[in-house]
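Asks: structure for this input, please:
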Amino acid sequence: MTNLLRNLVRRKLRSSLTIVGITIGIWALVVMSSMANKIGALVEGGSNYYQDKIVVTDATNVAVGFGFTPMRIDTVDEIRAIPGVAVAFAEVGMLLDPDNIGAGFGIPDLISGALANADEGRESFEVSAARGRLLTPKDEGESVLVLGADLARKFDKGPGDEMTIRENVFLVIGVLEPTLTAPDTTVLLPLEAAQDLLADDLPGIIQQGFDPQDLATQIVVFPDPETDIAALAELIEADVSQVQTLTGADFDEQIGSATALFNAIILGVALISLSVGGLSVINTMAMSVAERTREIGIKRAIGASRFTIVREFVAESGVIGLIGGLLGLVLGAIVVMFANQAGRQSGTILFDLTAGTAIFALVFASVLGMLAGLIPAWSAARLDPVQALRHE
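Replies: Residues are numbered from 1 along each chain as shown. Predicted structure coming up:
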């Protein structure tokens, strides 16, 4: 090991430049992979949420997975009458800040209102309270709310604090456990309170024709256990006018293409890292072979095998890759840490650096160095000892 490090130090500038090339590639790989991890967590959370249910929204609604367009709540009764529907209930969803349409990264800050326990125990995507408690049927008609983990941090609120939403004061009764998906950026309200906020958003002339309690923005449907979800969704669209449905399969299809595109970008970054870093290592080790030809000849003359020569040069290139990987990982972790810290102020967490990503980055860099070093290492091992000893 001492001799290996000594050989690297003998070529300080060349080794340093090679390490820098690998560092930049691994840094980019760590940052982009951390962003992919965050997006993957959001997509997985959404997939888990929609897997056992159908979300029905107004046909004009354009938000994937979120019902923002008002619809009549009596649509619930029409859906309940359809064969195969076990449970159907209304929800109200809207942006927490209507002025921030399309701003930020990932899932926006949301308001969600529904009757507590309306799912009758069929919801598999369960949330729990980290502090305080969840909403109960007794909270209906009260000015109370439960905050998602990111919003609680963003607004610095906890159980017992008051929070103003659109000039209405609510008492915070709970904060959710982090889920890494939509609930983290959602305010949970009793259904009546959410309906009142939704009605206030409507133009004045429309408000006159609606009782707030007649409004919803989406209807959640749980099918009977033996019912085909896709077939039931088609039946709902056929039997109920002016609605559209979203199932787990629909969500995966719509969101999956965007996720695949981002994963392709990650692969592109990895390939660039492989190309730049690998060529740098090959160049460095080839120059090393040229400079140490006589040394290699002496080792071969005193009995060193070709495998020993290959192992020595591959080990050197592997150490170069490992050092570059470590530096790239550290730089990437610093960028992720500061970016997330800055994003916490707005409730936007962009990156998720996992242990798996860190280990992959180090292994990738080390293997990259070793593979790139194989070509010059094999060239060194094939040198004729007599010719190598004559080399000046």
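
Asks: against Glu91, how distant is Ser124?
Replies: Between Ser124 and Glu91 the distance is 17 Å, computed by Cβ to Cβ, to the nearest Å. Glycine gets a C-beta too; all of them are placed from N, C-alpha and C.

Asks: residues contacting the residue lying closest to Ile265 once chain neighbours are set aside?
Replies: Of all residues not flanking Ile265 in the chain, Met32 sits nearest, at 6.8 Å (Cβ to Cβ, 6 or more residues apart in numbering). Neighbour list for Met32: Ile265, Ile266, Val269 [criterion: Cβ atoms under 8 Å, 6 or more residues apart in numbering].

Asks: and the residues you listed, which are buried?
Replies: Among the contacts of Met32, those buried by neighbour count (16 or more other Cβ atoms under 10 Å) are Val269.

Asks: would you turn the contacts of Met32 into CSV with pLDDT?
Replies: Below are the contacts of Met32 laid out as CSV (pLDDT from 0 to 100):
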residue, pLDDT
Ile265, 78
Ile266, 72
Val269, 72
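
Asks: Thr284 is in contact with Ser15, correct?
Replies: Yes. Counting by Cβ atoms under 8 Å, Ser15 does reach Thr284; the two are 6.4 Å apart.

Asks: and stretch 360-378, what's its mean pLDDT?
Replies: Averaged across stretch 360-378, pLDDT comes to 82.

Asks: can you name every helix or strand that the longest helix seen in the chain contacts?
Replies: Identified as the longest helix of the chain according to DSSP state H is helix 248-291. Under the contact criterion of 3 or more Cβ pairs under 8 Å, 6 or more residues apart in numbering; DSSP states H and E, helix 248-291 touches helix 12-50, helix 229-239, helix 306-344, helix 355-381.

Asks: what helices or strands is the helix or strand following the first one leaning on?
Replies: Once helix 12-50 ends, the next helix or strand along the chain (criterion: DSSP states H and E) is strand 54-58. In this structure, strand 54-58 makes packing contacts with strand 218-223, helix 229-239, strand 243-246, judged by 3+ Cβ pairs under 8 Å, 6+ apart.

Asks: strand 54-58: partners in the sheet, and parallel or antiparallel?
Replies: Strand pairing for strand 54-58, using DSSP bridges, gives strand 218-223 (antiparallel), strand 243-246 (antiparallel).

Asks: nothing else from me, thank you.
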